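Novice: Sequence and predicted structure, then a few things I'm wondering about:
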Amino acid sequence: MADAAAGDEKAPAAAPAPAFPIKLLIIVSVIALVFGVGGAFVAVKFLGGGSKGAESSEDHKADEEVKAESKSEAGGKHGQAASSGVMFDLDPFIVNLADTQEVRYLKLTLKLEAESEAVSAELTTRIPQIRDAVLVLLSSKDVNGVRTTQGKFQLRDEITQRINGLLKKPGVRSAYFTEFVVQ
């Protein structure tokens, strides 16, 4: 009977031992969950708020430029700025570059500066020809030719020349890259 009593004493002593690690595991899990949710909240708050602030600051800068332009047109006696043209947006271009060893892609979004509304209207009617000319030009380039600053300036000039070649009277002043991604 002494052996049975000794066995009963050991059995209850073994039961509380696993309970402590389970409680510790639950506490650590709850703390990790709280930190995870808090971290996600902070990340969304900072990252989400940053893009809105950037957009509003860009809008603010654009408003200031419009005000400055209207002031210079209204009564700028000296130091008048050159008049800006009409901006014309093109849809993004995604092309395979002409690299032979690897497959490389270029995603490019353009804005064209036209001299007048008439040129902008002509650009609108010639969008298929413009897209074709730009796609053929971009797909002939390789990664080394478009990654450098000099290569980007040369590409901008070539795009402007090709588009002006499609128009009855050259009227595109410049092409501007608003998105340029090589992968």
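Specialist: Done, it's in. Residues are numbered from 1 along each chain as shown.
Novice: And the strands in the chain?
Specialist: Along the chain, the segments classed as strands by DSSP state E run 86-89, 93-96, 105-114, 172-182.
Novice: With only the CA atoms kept, save the longest one in CSV.
Specialist: So that's strand 172-182. Extracted C-alpha coordinates of strand 172-182, given in CSV (Å, rounded to 0.1, in the frame of the first residue of the first chain):
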residue,chain,number,x,y,z
VAL,A,172,6.0,67.8,-80.6
ARG,A,173,8.6,69.7,-78.5
SER,A,174,9.7,66.9,-76.2
ALA,A,175,8.8,63.5,-74.8
TYR,A,176,8.9,63.1,-71.0
PHE,A,177,9.3,59.8,-69.2
THR,A,178,6.8,59.5,-66.3
GLU,A,179,7.6,55.8,-65.7
PHE,A,180,10.8,53.9,-66.7
VAL,A,181,11.3,50.4,-65.4
VAL,A,182,13.8,47.9,-66.7
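Novice: buried set for it?
Specialist: Buried residues in strand 172-182, counting neighbours by 16 or more other CB atoms under 10 Å, are found at 172-173, 175. Every C-beta, even on glycine, is put in place using the N, C-alpha and C of the backbone.
Novice: Ok, the first one next?
Specialist: Neighbour-count burial for strand 86-89 flags 86, 88 (criterion: 16+ other CB under 10 Å).
Novice: neighbouring strands for that strand, and are they parallel or not?
Specialist: Next to strand 86-89 in the sheet, as set by DSSP bridges, lie strand 105-114 (antiparallel).
Novice: Quick one: mean pLDDT over the partner strand.
Specialist: Average pLDDT, strand 105-114: 94.
Novice: quick revisit: please name whichever of the strands of the chain is nearest to residue 21.
Specialist: Across the strands of the chain, residue 21 has its closest neighbour in strand 172-182 (50.5 Å, CB to CB).
Novice: the inter-axis angle of that closest one versus strand 105-114?
Specialist: For strand 172-182 against strand 105-114, the angle by axes from the mean of the first three to the mean of the last three CA atoms, to 10 degrees is 160 degrees.
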